[in-house]
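Undergrad: Just the structure for this:
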Amino acid sequence: MRGFGFAEHGGYERLEYVEVPEPEPGPEEVRVRIRAAAFNRLDRFTLAGIPGVAIERPHVLGSDGAGLVDRVGTSVTDLAVGARVVLNPGMWDGTCDACRRRDEALCRNYRIVGEHVQGTAAPFVVVPRRNVHVLSDAGAFTDWAAAPLVFQTAWRALKTVGGVGRGDRVAIIGAGGGVATAAVQVAKFLGATVAVASRSTAKRDRTIGLGADAFLSFDDDHPLDRVLWQWSEKQGVDVVFDSVGAPTIGRSLRSTARGGRVVVIGATAGPTAEVDLRTLFWRQASIRGSTMAGAAEFREVLAHLEEGRLRPVIDSVVPFERAGEALRRFDAPDLFGKIVVELP
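TA: Reported below is the predicted structural model:
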């Protein structure tokens, strides 16, 4: 089977179409014919190699996917071949303590499609039955492929981990990425007043169009914490959603209100940061990590997507034969939303 990924870790020069075995479903698994797959920044990290993560090679990239049920395992009796489905890219073992208390995102054996196992940028992918969700509408596969990873990430980070409630002030650091475009919508849905802070103003209008109440520009002369402090009328921000990492975490913390929360969902600009512990304890603030979501959280946000209360934002759709061009799009300064690949 021909998929898009890499045989050796490295930069974009290592991207290629690779041959991997065509997967067959086990008794409790489902094989899906992929019609649309989507890339995330995770794919760039997987390509480069993630310390401590053993990645099978050749490796197919892509965590998100939507398509048609092609084959089911012998124990799967509630899913018809040909059903239109979207995949939950988060996988858990179902047996550990976290899974038994239904907080699957904390599973000690948690894995992500396209990182720990072969990805969706291929004709077929096999996943457990519980990762396959039948679609109730006739929306485009490209739209559904753009939704799963970023919306479940934003939903858990803001609702479960961040505890965002009506009237809270929420700041989202960075504009235009898939998670940021999802986070704006989720925070507004939860009743928050939302500001997006970025070093560039190029995406201001499109971000406001998603529902953000303010777009704030920061730079070395106008640091992030001062900009957020002014926006919050010197009260501080209740929840800061930060995926940037080293350059921003310290100042994100300094912008918090008393009892505020900095929720970290990534470290795209560096994994190691310094914070002022005096700010942390005096404001009784917290820095919390969040990754992906549990099964119930995924079903909850999927229902809102199906009802149209949340919507995926797509930067571009390219055919499978141009998948390399799609992944390189992450370096474009005008990136806004998800990058989707259509398969024949």
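Undergrad: Arg258 falls within a strand, correct?
TA: Yes - assigned with DSSP: H, G, I helix; E, B strand; the rest coil, Arg258 falls within a strand.
Undergrad: is it true that it touches Arg283?
TA: Yes - between Arg258 and Arg283 a contact is recorded at 5.0 Å, counting by C-beta atoms under 8 Å. In short, each C-beta sits where N, CA and C put it, glycine included.
Undergrad: Identify the contacts common to those two.
TA: Common contact partners of Arg258 and Arg283 (C-beta atoms under 8 Å, 6 or more residues apart in numbering): Gly236.
Undergrad: neighbour count winner among the two?
TA: Per other C-beta atoms under 10 Å, whichever of Arg258 and Arg283 has more neighbours is Arg283, with 16 against 11.
Undergrad: Gly236 is in contact with the more buried one, correct?
TA: Yes - using C-beta under 8 Å, Arg283 is in contact with Gly236, at 7.3 Å.
Undergrad: can you list residues touching both of those two?
TA: Common neighbours of Arg283 and Gly236, using C-beta under 8 Å, 6+ apart, are 256-258, 260.
Undergrad: pLDDT and distance to Phe124 added to those residues, as CSV?
TA: Shown next, in CSV, are the shared contacts of Arg283 and Gly236 (pLDDT from 0 to 100; distance: C-beta to C-beta, whole Å):
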residue, pLDDT, distance to Phe124
Thr256, 98, 46
Ala257, 98, 49
Arg258, 98, 52
Gly260, 98, 46
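Undergrad: tally of neighbours for the nearest residue to Val161 once chain neighbours are set aside?
TA: Of all residues not flanking Val161 in the chain, Ser290 sits nearest, at 4.2 Å (C-beta to C-beta, 6 or more residues apart in numbering). Taking other C-beta under 10 Å as the criterion, the count of residues near Ser290 is 20.
Undergrad: and if you look at Gly82?
TA: Using other C-beta under 10 Å: Gly82 sits among 10 other residues.
Undergrad: so it sits right up against Gly67, yeah?
TA: No - judged on C-beta under 8 Å, Gly82 makes no contact with Gly67 at a distance of 10.5 Å.
Undergrad: Report the central residue of the chain.
TA: For the chain, Val150 is the residue whose C-alpha lies nearest the centre (C-alpha atoms, centre = their mean; 2.7 Å).
Undergrad: Let me know the helix or strand that that residue is in.
TA: In this assignment (DSSP states H and E), Val150 forms part of helix 148-155.
Undergrad: Past that helix, which element shows up next along the chain?
TA: As assigned by DSSP H and E, the chain's next helix or strand after helix 148-155 is strand 169-173.
Undergrad: Which strands and helices lie in contact with the helix or strand just after that next one?
TA: Where DSSP H and E defines the elements, the next helix or strand beyond strand 169-173 is helix 178-189. Where contact means 3 or more C-beta pairs under 8 Å, 6 or more residues apart in numbering; DSSP states H and E, helix 178-189 is packed against helix 148-155, strand 169-173, strand 193-198, strand 237-242, strand 338-342.
Undergrad: Settle this for me: Ile172 is touching Ala183, isn't it.
TA: Yes - counting by C-beta under 8 Å, Ile172 touches Ala183, with 5.0 Å between them.
Undergrad: of these two, who's got more company?
TA: A direct count of neighbours by other C-beta under 10 Å for Ile172 and Ala183 places Ala183 higher, at 31 against 28.
Undergrad: For Gly174, see how far away the more buried one is.
TA: Separation of Ala183 from Gly174 (C-beta to C-beta, to the nearest Å): 9 Å.
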